[in-house]
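Student: requesting a structural model of the entry that follows:
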Amino acid sequence: VQLVESGGGLVQAGGSLRLSCAASGFAFEDYAIGWFRQAPGKKREGISCINSADGDGSTLYADSVKGRFTISRDNAKNTVSLQMNSLKPEDTAVYYCNTFVLNNNYWGQGTQVTVSS
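Tutor: You can find the predicted model right below:
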């Protein structure tokens, strides 16, 4: 299982970024994928997840990002995206994608998002 995040960068407050998570090594369409973030000195927090098609493809969002972030998946390309709008300085963190396959938890290497005020 491999997860590779991309799309991070430096953006001004109010701006947008689109993160991508490219997955390989497992039956991508059968598993939920989550996005987490970890700011300096803080615990890693879950911010969004998207279920598999069998799980109706439903989505969940943390209150801190609800209405600003949108998660989506492309099962043909084995990717999950996180569209982040109206970014705030408090969104600054390393963003990770995650999946749980066959009793193992897998993480990508993370991508840095920095929002300047």
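Student: now the nearest residue to Ser86 once chain neighbours are set aside: phi and psi?
Tutor: If you skip the residues right next to it in sequence, Ser86 has Arg68 as its closest partner in space, 4.7 Å away by CB to CB, 6 or more residues apart in numbering. For glycine as for every other residue, the C-beta is placed from the backbone atoms N, C-alpha and C. Torsion angles at Arg68 (phi, psi; degrees, to the nearest 10) stand at phi -120, psi -30.
Student: now for Arg68: which residues touch it?
Tutor: The neighbours of Arg68, taking CB atoms under 8 Å, 6 or more residues apart in numbering as the test, are 84-87.
Student: with Lys42 instead?
Tutor: With contacts defined as CB under 8 Å, 6+ apart, Lys42 is in contact with Ala93.
Student: secondary structure class for it?
Tutor: Following DSSP: H, G, I helix; E, B strand; the rest coil, Lys42 is assigned to coil.
Student: the one 5 residues further on now?
Tutor: The three-state assignment at Ile47 reads strand, by three-state DSSP.
Student: picking up where we left off before, could I have the buried ones of the contacts of Arg68 as PyMOL selection syntax?
Tutor: Buried members of the contacts of Arg68, defined by 16 or more other CB atoms under 10 Å, are picked up in PyMOL with:
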select buried, resi 84+87
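Student: now the residue nearest to Ser86: how far from Gly57?
Tutor: Note on Arg68: its distance to Gly57, by CB to CB, to the nearest Å, is 20 Å.
Student: so the residue sitting nearest the centre point of the chain is in which element?
Tutor: Centroid-nearest residue in the chain: Trp35, 2.9 Å away (criterion: CA atoms, centre = their mean). Trp35 is part of strand 33-38 when elements are defined by DSSP states H and E.
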